[in-house]
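K.L.:
need a structure here:
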Amino acid sequence: MHSDQTQLQLRKFADALATLKDTAADDEDRKTRDSLLLRYVYTFEMAWQSMRAVSQDRGDDETPRVAFAALEMGFKLGYIRNAALWKRLREGRNGVSHAYDEAMAVALAAMVRVDAIAEFERLLAHLQAQA
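P.N.:
Reported below is the predicted structural model:
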């Protein structure tokens with residue numbers, strides 16, 4: 001059973017993902033795309049923090065405090081199956097600050113809709129099933 005703190009973290013991740021999915025379902029215009037990208041950043045943060053919380057519950061000795069290290073830990077522990085995809089997701093998260101470039105913003109939004117949402121759903125289900 002997850003600790004209360006981990007359950008709260010997983011709820012935050014689930015809520016962030018639900019809002020991201022709602023935003024992704026809207027027709028895309030500049031305002032919606034900007035909202036989608038901001039929601040993506042927040043959901044990405046909740047994803048790695050959730051991996052960290054579940055890892056702490058499991059009693060893993062080292063629980064990283066930064067996203068890059070948490071993603072490495074997530075891969076080692078089997079939370080992340082596709083390291084190349086997560087590298088792209090992390091690069092996309094870092095690239096949001098450059099979304100003033102229209103072509104980059106459109107490409108990032110497409111990546112969120114096609115790859116990120118499905119991977120976040122898979123990760124959330126996996127983390128929730130950990131006991």
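K.L.:
list the contacts of residue 48.
P.N.:
Counting by Cβ atoms under 8 Å, 6 or more residues apart in numbering, residue 48 makes contact with 67, 70-71, 74. Quick note: C-beta positions are derived from backbone N, CA and C, even for glycine.
K.L.:
where's residue 21, which helix or strand?
P.N.:
helix 4-25 (DSSP states H and E).
K.L.:
hey, where'd the helices end up in the chain?
P.N.:
4-25, 30-57, 67-76, 83-95, 102-111, 117-129 (DSSP state H).
K.L.:
compare the mean pLDDT across those helices and name the weakest.
P.N.:
When these are compared by mean pLDDT, helix 67-76 comes last with a mean of 85.
K.L.:
residues making contact with that one?
P.N.:
Residues from elsewhere that reach helix 67-76, judged by Cβ under 8 Å, 6+ apart: 44-45, 48-49, 51-52, 55, 60, 62-64, 80, 83, 86, 90, 93.
K.L.:
pick out the most distant pair among these.
P.N.:
By the measure Cβ to Cβ, 60 and 93 form the most distant pair in the contacts of helix 67-76, at 23.5 Å.
K.L.:
who has more neighbours out of these two?
P.N.:
residue 93 (22 against 14; other Cβ atoms under 10 Å).
K.L.:
I am finished for the moment; much appreciated.
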